[in-house]
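>>> Need a 3D model of the sequence below.
(2 chains)
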Amino acid sequence: GAVVSQHPSWVICKSGTSVKIECRSLDFQATTMFWYRQFPKQSLMLMATSNEGSKATYEQGVEKDKFLINHASLTLSTLTVTSAHPEDSSFYICSARPPGVGDTQYFGPGTRLTVL
Amino acid sequence: RKEVEQDPGPFNVPEGATVAFNCTYSNSASQSFFWYRQDCRKEPKLLMSVYSSGNEDGRFTAQLNRASQYISLLIRDSKLSDSATYLCVVNSANAGKSTFGDGTTLTVKP
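I've put the predicted structure just below:
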């Protein structure tokens, strides 16, 4: 199947710092990628849809100024958590839909963020 | 009411058992449906798509009932390696957004 990578796989940072997470489609071009967040024992919640060459579409309740998304190329989207706080600690997962497979999406391995 | 609801679980079954999960969705215009499995602290991995005609992949059978707006997953001859959380995923028609159920946890015991 299609491969989506994320980097870093885990990060620990101090409160107030910014953290950038990269999501790459390794063997296909992705005009659209999705960013999710998952808290322990909860399901994935869509944060935003990242569109190559244009602004991301954020879900209700997600602060666009806090979670900056940049989709500068067809294979890379980045999520920057600005001024991170302990409540931002979560599992962040990106996904993409390869062309030709309809609505099937493939997930990156996720980034576990811990804010101290 | 949540858009996608799953059996709360957990399901604890012995090896070799048959287990079934159900999932209901509220948006009648939903377009496509999937089952993913998620292992602890890992990303979700596609298990199978779900079609109205029903589809089978080895020990796994998925069914979609559009009239009643529910999806099911049947696992036969459970293996220890089937232990995971199973996520029901429903995609909307227009934006193609995915909505995830909260997941059902399955533990298969020797």
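>>> So, low pLDDT: which residues of chain B?
For chain B, applying pLDDT under 70 flags the ranges B:94-95.
>>> For it, which residues are neighbours of chain A?
B:31-32, B:34, B:41-46, B:49, B:87, B:91, B:95-103 (CB under 8 Å from any CB of the partner chain). Where C-beta positions appear, they are placed from N, C-alpha and C, glycine not excepted.
>>> which element is B:Lys2 on?
For B:Lys2, there is no enclosing helix or strand under DSSP states H and E.
>>> What is the neighbour count of it?
12 (other CB atoms under 10 Å in any protein chain shown).
>>> Just the buried ones out of the residues of chain B next to chain A, please.
B:32, B:34, B:43-44, B:46, B:49, B:87, B:91, B:96, B:98-103 (16 or more other CB atoms under 10 Å in any protein chain shown).
>>> In contact with the nearest residue to B:Arg1 once chain neighbours are set aside, which residues are there?
Counting by CB to CB, 6 or more residues apart in numbering or on different chains, B:Arg1 lies nearest to B:Ser26, which is 6.2 Å off, once chain neighbours are set aside. If you count contacts by CB atoms under 8 Å, 6 or more residues apart in numbering or on different chains, B:Ser26 has them with B:Arg1, B:Lys2, B:Glu3, B:Val4, B:Gln69.
>>> now do 10 Å
The contact partners of B:Ser26, taken as CB atoms under 10 Å, 6 or more residues apart in numbering or on different chains, are B:Arg1, B:Lys2, B:Glu3, B:Val4, B:Glu5, B:Gln69, B:Val90, B:Thr99.
>>> Now rank those by neighbours and give me the top one.
B:Val90 (25 neighbours).
>>> Relative to B:Ser49, how far out is that one?
12 Å (CB to CB, to the nearest Å).
>>> so what sits against both of the two?
Common neighbours of B:Val90 and B:Ser49, counting by CB under 10 Å, 6+ apart, are A:Asp103, B:Ser32, B:Phe33, B:Phe34.
>>> which two from the residues you listed end up farthest apart in space?
Farthest pair in those (CB to CB) is A:Asp103 and B:Phe33. Separation: 9.0 Å.
>>> Give me the common contacts of the two.
In terms of CB under 10 Å, 6+ apart, A:Asp103 and B:Phe33 are both contacted by the residues B:Ser49, B:Val89, B:Val90, B:Asn91.
>>> if you look at those residues, which of them are in helices?
The helices, defined by DSSP state H, take in nothing from the shared contacts of A:Asp103 and B:Phe33.
>>> Switch these over to JSON lines, and while doing so, append distance to A:Ser43 to every line.
Shown next, in JSON lines, are the shared contacts of A:Asp103 and B:Phe33 (distance: CB to CB, whole Å):
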{"residue": "B:Ser49", "distance to A:Ser43": "19"}
{"residue": "B:Val89", "distance to A:Ser43": "10"}
{"residue": "B:Val90", "distance to A:Ser43": "12"}
{"residue": "B:Asn91", "distance to A:Ser43": "15"}
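>>> Looking at those residues, spot the one nearest chain A.
Relative to chain A, the closest of those is B:Asn91; by CB to the nearest CB it sits at 4.7 Å.
>>> for the closest one, which residues make a bridge with it?
B:Ser32, B:Ser98 (DSSP bridges).
>>> OK, contacts around the residue nearest the centre of chain A?
The centroid of chain A falls nearest to A:Trp35 when counting by CA atoms, centre = their mean (3.6 Å). With contacts taken as CB under 10 Å, 6+ apart, A:Trp35 has the following neighbours: A:21, A:23, A:45-50, A:56, A:58-59, A:62, A:67, A:69, A:77-79, A:92-95, A:108.
>>> Please consider this matter closed, and thank you.
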